[in-house]
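*Asks:* no sequence on this one, just coordinates:
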Ligand code: PMP
């Protein structure tokens, strides 16, 4: 039977960018030891205290259908957190609880764009972005950034892209950024806000890495003048609390948009399990101390990596200001990110993501997730640098 055009074309021409990842998993399944520096998955598990709270909630009976927009307690806790971090007035009516940030990406675009509208996003981007947009029948339009700008978008590039676009409705931004590790400067965010106000666009701000900032400060664009009415913020407990498998996150935005997206949730996800919401409440109540504890290994490995990278000048890096990744510029080897990553996997059983899988702006780069134990991480990065030096010597 014929499937819909929408689903057959979901992955688009760029493929799904997971070739190296799947090959690494196949090698592991065949019994090989592979160092996986691919996806954004912590090497620690969810804190046992959070799991105990989840267990207690489930045993206490919170196992039936839960409140679909989210429990009042959790929506209040998220609203309080957002208000404390941004200063923007935020109440329960501004919060929808979702099964992770991924569901938030889908719901926000569903709520703001109609079929055939153009949804803009910044390249390089988290791999699922274009697929989410295509799944909704939207036209994904990438706006390229430049490595020399630390992959932060320039306002005039945004302006030009919006002007050249048919039916633009939304702009999706992500700071701290996956894959680049960039944290958008105030100037960058003000430039973005000017463009979206000028062209009457929705701004969708993916802030799932907001607790992982190593340098500078995270600023939510919702906090800029006149932005609360046109900004939808996506948050998640996946990265901040090592709760990737619990599937819990949120959308923050204007009350009418939240209420419409609650209607969408009623017709799609039917909400998030009550015991998971209770565990999230418990986790948020632990405050910044627990978030700092979850972020600490990445902060530590970032310092180890920068130290190692400073001892050579072939592979270049923009020190990540946030998130759990290093974006390495391997252009001096003469290889593409894809060939480099495949060869590194074949020769040294180290898996990294090719830059090309995040868009054309990251060609000639590889993304390294800092997600294995420190000694293994340093050893793998050392091997990667030696491999790069060999490749460069062969090309010379
Ligand atoms: N946005 C970005 C930038 C991400 O990196 C991820 C996960 N890797 C997500 C959203 C989705 O995360 P989750 O659904 O687990 O909250």
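*Replies:* Perfect, thanks for sending it. Treat the numbers as computed from the prediction; the structure is a model and nothing was measured.

*Asks:* dump the residue contacts of residue 157.
*Replies:* Taking Cβ atoms under 8 Å, 6 or more residues apart in numbering, we find residue 157 in contact with 143-145. Every residue, glycine included, has its C-beta placed from N, CA and C.

*Asks:* is stretch 177-194 up against the ligand anywhere?
*Replies:* Yes - Stretch 177-194 reaches the ligand (Cβ under 6 Å from any ligand atom) through residue 178.

*Asks:* Straight-line length of that stretch, end to end?
*Replies:* Length of stretch 177-194, first residue to last, Cα to Cα, to the nearest Å: 20 Å.

*Asks:* Neighbour-wise, which one of the contacts of residue 157 leads?
*Replies:* Highest neighbour count within the contacts of residue 157, by other Cβ atoms under 10 Å: residue 145, with 25 neighbours.

*Asks:* Do I have it right that that residue meets residue 158?
*Replies:* No - using Cβ atoms under 8 Å, residue 145 is not in contact with residue 158; the gap is 9.9 Å.

*Asks:* Quick one: residues in contact with the strand or helix carrying residue 81.
*Replies:* Assigned by DSSP states H and E, residue 81 belongs to helix 72-86. The contact list for helix 72-86, computed with Cβ under 8 Å, 6+ apart, reads 69-70, 88-92, 94-97, 210, 220, 222-223, 233, 235, 250, 252, 277-278, 280-281, 284-285.

*Asks:* same question, stretch 44-60
*Replies:* Taking Cβ under 8 Å, 6+ apart as the rule, stretch 44-60 contacts 241-243, 245-246, 274-276, 278-279, 281-283, 286, 290, 293-294, 297.

*Asks:* again, only using 7 Å
*Replies:* 241-243, 246, 274-276, 278-279, 282-283, 290, 297 (Cβ atoms under 7 Å, 6 or more residues apart in numbering).

*Asks:* In this protein, what residue spans correspond to helices?
*Replies:* Counting by DSSP state H, one finds helices in the chain at the ranges 5-8, 19-29, 48-59, 72-86, 100-112, 129-135, 155-163, 186-198, 237-240, 255-267, 274-285, 288-309, 337-348, 374-395.

*Asks:* Let me have those in JSON lines, extended by mean pLDDT.
*Replies:* Output for the helices of the chain, formatted as JSON lines (pLDDT from 0 to 100):
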{"stretch": "helix 5-8", "mean pLDDT": "93"}
{"stretch": "helix 19-29", "mean pLDDT": "93"}
{"stretch": "helix 48-59", "mean pLDDT": "98"}
{"stretch": "helix 72-86", "mean pLDDT": "97"}
{"stretch": "helix 100-112", "mean pLDDT": "98"}
{"stretch": "helix 129-135", "mean pLDDT": "96"}
{"stretch": "helix 155-163", "mean pLDDT": "96"}
{"stretch": "helix 186-198", "mean pLDDT": "97"}
{"stretch": "helix 237-240", "mean pLDDT": "98"}
{"stretch": "helix 255-267", "mean pLDDT": "98"}
{"stretch": "helix 274-285", "mean pLDDT": "98"}
{"stretch": "helix 288-309", "mean pLDDT": "98"}
{"stretch": "helix 337-348", "mean pLDDT": "96"}
{"stretch": "helix 374-395", "mean pLDDT": "96"}
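
*Asks:* To residue 204, which of these lies closest?
*Replies:* Evaluated with Cβ to Cβ, the helices of the chain place helix 100-112 nearest to residue 204, the distance being 4.8 Å.

*Asks:* Residue 360: how many residues sit nearby?
*Replies:* The burial count for residue 360: 12, using other Cβ under 10 Å.

*Asks:* what's the domain layout of this protein?
*Replies:* 5-45+289-386, 63-286 (automatic domain parsing).

*Asks:* which of those sits most buried?
*Replies:* Stretch with highest mean neighbour count among the domains of the chain: domain 63-286 (a mean of 20; mean count of other Cβ atoms under 10 Å).
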